[in-house]
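# one predicted model, sequence on top.
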Amino acid sequence: MAFTSQSQLSLLYSKTAPNATIMNSPDVSAPELRDEILRLVAQYHKVAHAPKPFIPGQTKVPYAGRVYDDEELRLGVDSILQFWLTAGPFANQFEKDMRTYFDSKAAYLVNSGSSANLLMIATLLSPQIENGLRSGDEVITPAVTFPTTLTPLVQNGLIPVFVDCQPGVYDIDVAQVEAAIGPKTRAIFVPHTVGIPCDLDALTAIAAKHNLWLLEDGCDALGSTWDGKLVGTFGAMSSISFYPAHHMTLGEGGMVIVNQAGVRKTCLSVRDWGRDCWCETGVSDTCGKRFDWQLGGLPHGYDHKYIYSNLGYNLKVSEMQAAIGCAQFKKLPAFIAARRANAAFYFERLKAHAEHIVLPTIPAKANPSWFCFPITLKSHIKRRAFIAFLEEARIETRLVFAGNVLKQPGFENIPRRVHGELTGTDTIMNQTLFIGVYPGQTAEMRSYVADKIDEFFKTKI
Ligand SMILES: Cc1ncc(COP(=O)(O)O)c(C=O)c1O
């Protein structure tokens, strides 16, 4: 039974009644079997995925992880029973949910946050885009970054212009952005690193004044707001990651949020092989003139499904991933609230160590939806010793991504321009780490983490 309508899709959200005898009935129907399978999946989840007790010092305190209940498993299995496989009704539903959440022009599901970044850049490079980017153009971006925020620029012949970042803030130093603009600068591409929003008043004003594209990498910041407005809605486009470390997960997955109507159609085309046709999977002739187009040098009437107006990719997800996304989306407000509560706890507990650490700085208009809790150790504290102490106590830590990305082996020799000194960036590379705030971190776990940090500063320095 393949579902085709919204009402059929919504049926999947309701829990099914137990039916122990159904499996033995010779006349059992497919919907009855499906209900029974989904009931068993819920039961399986209860048994196989039951929470384990936290044993301080033995149980790992992860920096991040998947948080889910039986609904993710049921919708995932249901998508397999439907066997649609490629992005279909669940993907449409999830895109619609996210479009509504962001109040955006479009939300395009892709297979990773990295692909979302690539898609945004490739879209702006299309000749279809008025005033778009061309190889050799400069893009202002911070030196503390995630590698695949930067990679699509380099791969597409754009020249990154690196600006410094400061410990505590971690985002691009907005005070330096305007001075970094040169005659070839055409765009600003900024991650909201660790979930702390960049100063979007300043960036939108600079972009408007100098006629620059503003792109946001919102992969760390789903739910963060600036002046009450969601981060990811300020630039022409923004990206999201659904990798398990992020605010909600599809396993692998990402999304481009499109805020500017002029790039919407091209963005979809570049995601979907570069084709001109915008039919959903399994649908034909949405335009009503499938065999009546004349584009490029092709003969009139060439099948619109096979007309390619852009250099594209196939960046789509599977229907199973989208089904899991539908279940995760409903939990998003609770996920964001839990991340904020955990971060607030660490602010409160760690302020006692202000002589040894730099706590995050939250701009007045920002309300972060934290990816993690970043800590910069002052220069008298050895980061390796601090990390070794925490990891020994089974507390996971990570560094702020690539650190100074220009020191990374794969990026040392990329074409670039560097604006000013990258001293704050180097401090972040050398002295910053982060601990988790993800919703799976319980009150018991976070107290244990804070106690261990207290112990380090009491006994190890
Ligand atoms: C800021 C930022 N951008 C992009 C990505 C890439 O996302 P993905 O892992 O889904 O490719 C990440 C991943 O952690 C990230 O933190």
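Looks like it arrived, so ask away.

# interface residues of this structure facing the ligand?
Applying Cβ under 6 Å from any ligand atom, one finds that the chain approaches the ligand through 112-114, 117, 146, 148-149, 191, 217, 219-220, 241, 243, 245, 254. C-betas here are computed from N, CA, C, even on glycine.

# what ranges do the strands span in the stretch 301-450 of the chain?
With DSSP state E, counting those that start in this stretch as the definition, the stretch 301-450 of the chain shows strands at residue ranges 357-358, 366-367, 373-377, 417-418, 432-435.

# right, so those strands: which one is the most enclosed?
Neighbour counts averaged per stretch over the strands of the stretch 301-450 of the chain are highest for strand 373-377, at a mean of 25; criterion: mean count of other Cβ atoms under 10 Å.

# sheet-wise, list the partners of that one with their directions.
With DSSP bridges as the test, strand 373-377 is paired with strand 357-358 (antiparallel), strand 432-435 (antiparallel).

# using CSV, lay out those together with mean pLDDT.
What follows is the strands paired with strand 373-377, written out as CSV (pLDDT from 0 to 100):
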stretch, mean pLDDT
strand 357-358, 98
strand 432-435, 98
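
# would you turn the ones you listed into JSON lines with distance to residue 277?
As requested, the strands paired with strand 373-377 are arranged in JSON lines below (distance: least, Cβ to Cβ, whole Å):
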{"stretch": "strand 357-358", "distance to residue 277": "52"}
{"stretch": "strand 432-435", "distance to residue 277": "44"}
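
# nearest spatial neighbour of the residue most central in space within the chain, skipping sequence neighbours?
When the chain is reduced to its mean C-alpha position, the nearest residue by Cα atoms, centre = their mean turns out to be residue 241, at 2.1 Å. By the measure of Cβ to Cβ, 6 or more residues apart in numbering, the closest residue to residue 241 outside its immediate chain neighbours is residue 113, 2.6 Å from it.

# I figured the residue nearest to the centre of the chain hits residue 112, correct?
Yes. Under the criterion of Cβ atoms under 8 Å, residue 241 is in contact with residue 112, at a separation of 6.6 Å.

# common neighbours of these two, please.
By Cβ atoms under 8 Å, 6 or more residues apart in numbering, residue 241 and residue 112 have these common neighbours: 253-254.

# what's near enough to touch the closest residue to the ligand within the stretch 251-400 of the chain?
Residue of the stretch 251-400 of the chain nearest the ligand, by Cβ to the nearest ligand atom: residue 254 (4.9 Å). Residue 254 makes contact with 109-116, 219, 239-243, according to Cβ under 8 Å, 6+ apart.

# dihedrals phi and psi, it?
Note on residue 254: backbone dihedrals following degrees, to the nearest 10 are phi -160, psi 180.

# still on that earlier bit, correct me if wrong: the residue nearest to residue 241 contacts residue 246.
Yes. Applying Cβ under 8 Å, one finds residue 113 in contact with residue 246, separated by 7.3 Å.

# between those two, which is the more surrounded one?
Applying other Cβ atoms under 10 Å to residue 113 and residue 246 shows that residue 113 carries more neighbours, namely 27 against 22.

# so how far is residue 189 from the more buried one?
Here the distance between residue 113 and residue 189 works out to 13 Å (Cβ to Cβ, to the nearest Å).

# likewise for residue 103?
In this view, residue 103 and residue 189 are 22 Å apart by Cβ to Cβ.

# higher neighbour count, those two?
Neighbour totals were compared for residue 103 and residue 189, and residue 189 leads with 28 against 11 (other Cβ under 10 Å).

# the more buried one is in what secondary structure piece?
Per DSSP states H and E, residue 189 falls inside strand 185-191.

# after that strand, next one along is what?
If you walk from strand 185-191 toward the C-terminus, the next helix or strand you reach (DSSP H and E) is helix 200-209.

# now do the SS call for residue 249.
Using DSSP: H, G, I helix; E, B strand; the rest coil, the structure places residue 249 in coil.

# read off the pLDDT value for it.
Residue 249 is assigned a predicted lDDT (pLDDT) of 98.

# phi, psi of it?
Here residue 249 shows phi and psi, under degrees, to the nearest 10, equal to phi -130, psi 150.

# which residues touch it?
If a contact means Cβ under 8 Å, 6+ apart, then residue 249 has 66, 68, 242-243, 324, 328 as its contacts.

# out of the strands paired with strand 373-377, which gets nearest to residue 34?
Comparison of those against residue 34 by Cβ to Cβ identifies strand 432-435 as nearest, at 42.3 Å.

# convert the closest one to PDB, retaining C-alpha atoms only.
This file holds the C-alpha atoms of strand 432-435, laid out as PDB (Å, rounded to 0.1, in the frame of the first residue of the first chain):
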ATOM      1  CA  THR A 432      39.600  25.900  23.100                       C
ATOM      2  CA  LEU A 433      37.600  22.700  23.500                       C
ATOM      3  CA  PHE A 434      33.900  21.900  23.900                       C
ATOM      4  CA  ILE A 435      31.700  19.600  26.000                       C
END
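
# buried residues, stretch 54-64. List them.
Buried residues in stretch 54-64, counted by 16 or more other Cβ atoms under 10 Å: 61-64.

# tell me the pLDDT at the residue nearest to residue 65 when sequence neighbours are not counted?
Closest residue to residue 65 apart from its sequence neighbours, by Cβ to Cβ, 6+ apart: residue 440 at 5.0 Å. The per-residue pLDDT reported for residue 440 equals 97.

# same question, the one 4 residues further on
Here the pLDDT value assigned to residue 444 is 98.
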